[in-house]
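Undergrad: attaching a predicted model along with its sequence, questions to come.
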Amino acid sequence: MKIRKIENLRFGLAVLVLIVVFAFVLPVFYRVSPYEQDLSNPLSAPSIDHPMGTDMYGRDLMARIMKGTANTLMVSFLASLVSLIIGIIAGVISGFSRGIISELVMRLADVLLGFPKLVMILLISGILSRDIFVSFFLLACLSWMETARIIRGEIKVIKESLLYKSLVAAGLSFPKVLLGYIFPLLRGKFLVSFTLSFASFILIEISLSFLGLGYASPEPSLGTLLRQARYDPAGSYWIVIFTGLVIIILVSAVNFIADGIKDSLEENVSR
């Protein structure tokens, strides 16, 4: 069982690395513009000149999928990082505080968890801002609650340990205890929270772009590419196939990584 978990983690990491190479490195060698239109060659099937075909404006689909994957990864990564940082800060404050401060942080988290996330996403993207980075930054600021609850619970347990009490009794400063002892113990939790939110934000970005609330044309993303294909899915099947494969592989790879890390942590705890 342990070998299988390690293999799943390694498989997910290997696939994610390949996707990153496809999105950020391959465009250096595949020098085809994802924005250049060729209206004399719209919706052409895969060929030597266009390995993945073209879209309705004659733009090279492979170049657009590479750029779209890079855009989706970039905004999802940044949103996950912001969400993780806010969650860690809130969890640490709540975990070490007593009385009203700890309760306020957790009650705020409970209130935000009670709001339907889909409604907040549509509100942010459709009304407050049409800039994808601003929208995802605001969404990340409203997606930290699960991480904060996990960190708070772990800190409450750590504070009862003999090692923590001995470190405090020895006179170590709070930053040294936090960065040198507590954070190393929690880095697995950090990784799980980050990878799970990363996968969630990828799907959110794809969904918003598909609905026309994400990246604005002509900037591609995996969601905007699928949105184009819905007008004529039979006549442009290559768009659905290639874009869909990238989405499935990307989300599966991130989930494999998260599950692998989570299973490893649970196994270490059981020991």
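TA: That came through fine.
Undergrad: now L113: how far from S76?
TA: Separation of L113 from S76 (Cβ to Cβ, to the nearest Å): 21 Å. No exception for glycine: its C-beta is placed from N, CA and C like everyone else's.
Undergrad: looking at these two, which is more packed in?
TA: For L113 and S76, the more surrounded residue by other Cβ atoms under 10 Å is S76, and the numbers stand at 24 against 12.
Undergrad: next one: that one, what pLDDT does it get?
TA: If you check S76, the pLDDT there is 91.
Undergrad: now do A140
TA: For A140, pLDDT reads 86.
Undergrad: let me see the contact set for it.
TA: L78, A79, S80, V82, S83, I86, F201 (Cβ atoms under 8 Å, 6 or more residues apart in numbering).
Undergrad: ok, which pair from those is furthest apart?
TA: Spatial extent of these (Cβ to Cβ) is set by the pair I86 and F201 at 13.8 Å.
Undergrad: so between those two, which is more surrounded?
TA: Using other Cβ under 10 Å as the criterion, I86 and F201 rank with F201 on top: 24 against 18.
Undergrad: count of neighbours near I248?
TA: Using other Cβ under 10 Å, I248 has 10 other residues around it.
Undergrad: going forward can the numbers begin at 9, since that is how I track them
TA: That works, and once the first residue is 9, the last one we named lands at I256.
Undergrad: how far out from the middle of the chain is the helix or strand hosting it?
TA: Of the helices and strands defined by DSSP states H and E, I256 is found in helix 245-278. How far helix 245-278 lies from its chain's middle: 11 Å, per Cα atoms, centre = their mean, to the nearest Å.
Undergrad: tell me which residues in that helix are buried?
TA: In terms of neighbour count (16 or more other Cβ atoms under 10 Å), helix 245-278 has its buried residues at 246-248, 250-251, 254-255, 258-259, 261-272.
Undergrad: and if you look at stretch 103-119?
TA: G103, F104, S110, V113, M114, A117.
Undergrad: residues contacting the closest residue to the last one other than its chain neighbours?
TA: For A117, the nearest residue in space outside its immediate sequence neighbours is M153; the separation is 4.0 Å by Cβ to Cβ, 6 or more residues apart in numbering. Applying Cβ under 8 Å, 6+ apart, one finds that M153 lies in contact with G95, A98, A117, D118, L120, L121.
Undergrad: try it again at 10 Å.
TA: By Cβ atoms under 10 Å, 6 or more residues apart in numbering, the contact list for M153 reads 91, 94-95, 98-99, 113-114, 116-122.
Undergrad: so what does the helix or strand hosting L120 touch, helix or strand wise?
TA: For L120, the host element (DSSP H and E) is helix 108-122. With contacts defined as 3 or more Cβ pairs under 10 Å, 6 or more residues apart in numbering; DSSP states H and E, helix 108-122 has these neighbours: helix 69-104, helix 153-167.
Undergrad: for those helices, which has the smallest mean pLDDT value?
TA: Note on the helices and strands packed on helix 108-122: helix 153-167 shows the lowest mean pLDDT, a mean of 89.
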